[in-house]
Structures are given as structure tokens and as C-alpha cells.
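[1] Fold the following and give me the result.
(one chain, ligands or ions: 1)
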Amino acid sequence: MAIAKKTPAEIVTQRFEYAPAPEATEHVKVEPRYSLFIGGRMLEPHSKKRFPTINPATEEQLSEVAEADEVDVDHAVVAADKAFGPWSRLSPSRRARYLFRISRLIQERARELAVVETMDGGKPIKESRDVDIPLAAAHFFYYAGWADKLDWAFPNRKPRPLGVAGQVIPWNFPLLMLAWKIAPALAAGNTVVLKPAETTPLSAMLFADICRQAELPPGTVNIVTGAGKTGSLVVSHPGVRKVAFTGSTEVGKLIQRSLAGSGKRLTLELGGKAANIVFEDAPLDAAVEGIVNGIYFNQGHVCCAGSRLLVQESIAEPLLEKLKVRLSTLRLGDPLDKNTDIGAINSKAQLEKIEGMVASGIEEGAEIYQPECKLPDRGYWFKPTLFTNVSQSYRIAREEIFGPVLSVLTFRTPAEAVEKANNTPYGLSAGVWTDKGSRILWMAERMRAGVVWANTFNRFDPSSPFGGYKESGFGREGGLHGLLPYLELN
Ligand code: NDP
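    Next up, the predicted model:
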């Protein structure tokens, strides 16, 4: 029997059909209502108010969470303040033991946490399972290691904790951002009041249960749910000595203004508009994977997403051809399906923002490309999108879209690449794809970005500091640097 041979072009464009591979959800119990985690107990909110949290892939309500008001936030800060003395005086190796225990419990409950994170936020299960949850556990593990070595980490500086840390986190990596905030704070001997994002509170509620399982002293970690108002109550509470915020630049600026003169320590991790720069000597197939990972990972809801592709003019055509073929193989749909690459957009509001930005790109004259793919009937979805013919002045090249939308620009020389990459008010991350090590170092020296990835993108490790320049914020999270904002050094 003669076998019909496929041409290389046919092979790369060949689409495979995948049978459904849904992750099991039976082992996950989402309570119909959650209260506030204050002083080691789940407390009814003083406000008596609750709000729904929904699954953005189905629009179904998952649960109702409490809306913390001024009295609730005050209770939480008082509980954290009361816990601060004993926690900060605890022997460092015992503090470390609690953090190791939390890390271990996150690992034990990883499947449950991944499913909840995916249902509440819309991200593909393979990402929550393989990235968010393991990294969250790794953060606690890493900072557990520092807890009893602070005197060695900062020799002759007598490191001391600050007190109560007020922490506000966004919806794109809910448990991971919680870990980035809570692990270094506790390792350094502080106590915490944390507010998760309104649309993704559930993994923080499971974390509250993990704190109880770990027998963490009551009040060491307190979790208050609510909307932006609750966040502002946390950061402005006079009992809070240190504020850590991750979210939009707009809210970051508001917080900075409101804290001016208060004496509170502040770190801000804000937006980005990263350049992912591909030189003509780069391995193109690898670069295509890096571009896809850079912007379509987590539906582009990533502060350090490679949302601007800068490609050297001489290879723009073949690279874009390969990229479009790759885009057509991305599978969009049920986030709980293990084969899904692109999940649901986190909320209706975020979907509308993305749609508005894409409409502005078309209006300003950019050329849009979207692969053929069917969007589910319910839920919030956006096709992976690519814009060519983009000018630097277009909004899609300047503003954070926070969605699966890539703007492609070209350059001719390394100097032009640097100029264009730095032509942004942000400065969180960048990527360089080239065969030459010397060029990587040359570029990294000139790029105004907190992280520069070389021949890879979106790689994270607890030991590696992360943070921004310019309007992307200040302060570092991760690594030894991540302890500094939580310590007083004499
Ligand atoms: P926000 O900056 O509003 O939200 C981040 C966190 O801050 C949430 O917990 C939010 O609560 C809380 N918050 C809101 N207002 C205040 C306030 N005045 N004081 C203290 N805390 C506050 O981001 P959005 O969710 O509104 O997203 C808007 C845009 O921001 C996105 O489209 C994206 O471009 C960008 N963004 C960037 C992120 C990043 O990591 N760089 C993360 C998230 C968003 P609540 O959830 O209830 O609003």
C-alpha cells in the first residue's frame, strides 16, 4: 500500500485532534461561603456582606466570599499586631519549621489547589499544575531556608523584622503572588494581613486552611477578602508598617501617593510592556516557542509578558510565518482540560479592556492576525492575536493590554533594538534571542528592565530577584533581595 507523503509545510500545519482530557474535580471541595481568616479562625464579616466569585470559563458561581469593611480590616491588623511579638521572638529555626511545613502542605494539596486556581481564574490546568502551585511551594521552601540564616545573610547588620505587613495581590497568579508576599515576610519575622483579588479569592481561602493545618500561631497570617476598597483599608491602616502591592500602575501610584509621609515601607510591582527581541542569528524555532510562551502563557495576564515582539527586519518574514503556523496549533477552551493552551480571560471587565485595546490597534492602522478557532459559547474568551504593521506610537505598542495580544515591530541594528525596547514608561522585563553570548551581555547592559531573559522567557525561580524600573515599580521580590523590604538593618 502506498503511503501518501506530506510536504514539510503540510506537516507543520497539520492539526491534531485531541480527545477531551478533563482534570478530575471530585476531590475538590469548594465551600458555598467563605468568611474572613483572622486570628487563626474563620470569622463572619462585620459588614455582613458577601460577593460571588465565578468561574470565568462557565460564568457559574463557585462560592461567595466575605467583603471585609473597616472594622474587619482593623480586627485583622490588631490580630497580626498581637501575633507579631511572639512570632518575631520565636527562635528562627522554629519559624523555618512552620514555613517548611506550609511548603510541604502545598505540595500535598497541589492537585486540589491547581484545580481551584484554574476554576476561579480561568488559567489552563497544565499551567496551574506545573507552574503556579510548584513555584508557590518552592517559595515557602526557599524562604524557610533563610529564616534561620538572617545574621549570615546580612552580616554585622542586626536584621530585625518591621511588624505587620499589609499585602495586596492581583488575580493573574493568585497563590503564587500570595507566596511571593507571605513567605519572605514570615521568614523575616513579620506578621501579615493579605488581601487577594476580588475575582480570585479561593486559593487564598484554601491557604488559610493550610495555615491552620500547619498550626501556624493564630494571627501570624490573616486574610481579608473584598474589592479595591478593602485593599485601600489594608494599606492605609496605621498599624501596618510595611506595604507590598502587585497590580496596575494606576493603583500603585495611588497607593504611593497615599502613603507619602506615613513612614511605611513600600514595594510596588506594577505593569509592564516587555520587549522580546529576536536577532537574525537566533534559532528561529526556539524563538517561536519563546514568543508563544512570552505572550500567550496565562492568556497574556502576566506583568512581565513579552507583549512587544522586536524582530530583526531580515528575518521578519520567515519568523512571522512560523509564528502564525504555531498560533494555529494552540488549543483554546476548557481550562480544566489538560491539553488546553489558552484558557479563559479572567473577568468580563478584563475581556472588555482587551477588546477595546484590540479595536484601537485596528483603528490606528495595525494589521490583525488571529488563527481560526472556535470560542466556547459561555465564558470569557479571546483568540490569540498578533498585530503587524505596528507603529511605536500606537496604544497597542505603548499600553499594557494584559491579554493574549502581541504587537510586532521590526529593527535593523542592535542600537535600534535597544532604543525601541527602552521606549516605554515600563521596565519590568525583556528577552533577547541570539546565538552570540557577547550580544546578550551587550543588550542586557543597556536594557532598562529588572529581568532580562536570554534565549528563554518567563522563567522564574525563588532564588532570583524580580522587580521593575520606572513605572513598573520598585523593590525586589525573590532571592536574598526579597527579604530586604521586610527587615530593618542597623
Ligand atoms: P488593580 O491594580 O486594580 O488590582 C490589583 C489589586 O489591588 C487587587 O487586589 C485589587 O482589588 C486591589 N486594589 C484595587 N484598588 C485598590 C486601592 N485603591 N488600594 C489598594 N488596593 C486596591 O488591577 P485590576 O484588577 O483592576 O486590573 C486592571 C489592569 O491592571 C489590568 O488590565 C492590567 O493591565 C493591570 N494589572 C497588572 C498586574 C500586574 O501584575 N502588573 C496585575 C493585575 C492587573 P480588586 O481585585 O478587588 O480590584
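
[2] Find the residue closest to K348 in space, skipping its chain neighbours.
    Computed as CB to CB, 6 or more residues apart in numbering, the closest residue to K348 that is not its neighbour in sequence is Y380, at 5.8 Å. For every residue, glycine as well, the C-beta is placed using N, CA and C.

[3] any idea how far the one you found is from E355?
    10 Å (CB to CB, to the nearest Å).

[4] which of these two has more neighbours?
    Neighbour tally, Y380 and E355, criterion other CB atoms under 10 Å: the higher count belongs to Y380, 23 against 13.

[5] Counting by contacts, list what the one helix or strand A415 maps to packs against.
    A415 belongs to helix 414-422 when assigned by DSSP states H and E. Judged by 3 or more CB pairs under 8 Å, 6 or more residues apart in numbering; DSSP states H and E, helix 414-422 is in contact with strand 275-278, strand 308-312, strand 405-411, helix 437-446.

[6] Kindly reformat the ones you listed as CSV containing mean pLDDT.
    Putting the helices and strands packed on helix 414-422 into CSV (pLDDT from 0 to 100) gives the following:
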stretch, mean pLDDT
strand 275-278, 98
strand 308-312, 98
strand 405-411, 98
helix 437-446, 98
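
[7] out of those, nearest to the ligand?
    strand 405-411 (11.5 Å; CB to the nearest ligand atom).

[8] I'd like the helices and strands packed on helix 414-422 laid out as TSV, including distance to the ligand.
    Shown next, in TSV, are these (distance: least, CB to the nearest ligand atom, whole Å):
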stretch	distance to the ligand
strand 275-278	16
strand 308-312	15
strand 405-411	11
helix 437-446	22
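
[9] Around the ligand, pick out the residues from the stretch 351-490 of the chain.
    Proximity of the stretch 351-490 of the chain to the ligand (CB under 6 Å from any ligand atom) is limited to residues 353, 400, 402.

[10] give the contact list for the spatially closest residue to G343 that is not a sequence neighbour.
    With sequence-adjacent residues excluded and distances taken as CB to CB, 6+ apart, G343 is closest to P335, at 3.5 Å. Taking CB atoms under 8 Å, 6 or more residues apart in numbering, we find P335 in contact with 57, 118-119, 122-125, 343-344.

[11] Those in helices, which ones?
    Counting by DSSP state H, these place 118-119, 125 in helices.

[12] Let me know how buried whichever residue of the stretch 251-400 of the chain sits closest to the ligand is, in neighbour terms.
    Nearest to the ligand in the stretch 251-400 of the chain, going by CB to the nearest ligand atom, is C303, at a distance of 3.0 Å. As a burial measure, C303 scores 27 neighbours (other CB under 10 Å).

[13] could the ones in helices among the contacts of P335 be laid out in a markdown table, adding pLDDT?
    Output for those, formatted as a markdown table (pLDDT from 0 to 100):
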| residue | pLDDT |
| --- | --- |
| T118 | 98 |
| M119 | 98 |
| I125 | 98 |
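
[14] In CSV: the helices and strands packed on helix 414-422, plus mean neighbour count.
    Shown next, in CSV, are these (neighbours: other CB atoms under 10 Å):
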stretch, mean neighbour count
strand 275-278, 28
strand 308-312, 26
strand 405-411, 24
helix 437-446, 15
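
[15] The residue lying closest to A188 once chain neighbours are set aside and the ligand, how far apart?
    Of all residues not flanking A188 in the chain, Y486 sits nearest, at 3.9 Å (CB to CB, 6+ apart). Note on Y486: its distance to the ligand, by CB to the nearest ligand atom, to the nearest Å, is 19 Å.

[16] any bit of the helix ranked longest in the chain sitting next to the ligand?
    Longest helix of the chain, by residue count under DSSP H: helix 70-89. No - Helix 70-89 does not reach the ligand (CB under 6 Å from any ligand atom); its nearest approach is 11.1 Å.

[17] same thing with stretch 125-135?
    No - counting by CB under 6 Å from any ligand atom, the ligand has no neighbours in stretch 125-135; the shortest distance is 13.7 Å.

[18] just the helices in the stretch 51-200 of the chain please.
    Per DSSP state H, counting those that start in this stretch, the stretch 51-200 of the chain carries helices over the ranges 70-89, 92-108, 110-121, 125-127, 133-147, 150-153, 174-187.

[19] If you could redo that for the stretch 301-450 of the chain, that was the one I meant.
    Taking DSSP H, counting those that start in this stretch as the test, the helices found in the stretch 301-450 of the chain are 316-328, 348-364, 395-398, 414-422, 437-446.

[20] which other residues reach the third one?
    Around helix 395-398, the neighbours that count as contacts under CB under 8 Å, 6+ apart are 273, 308, 357-358, 360-361, 364, 366, 387, 390-392, 405, 407, 409, 424.
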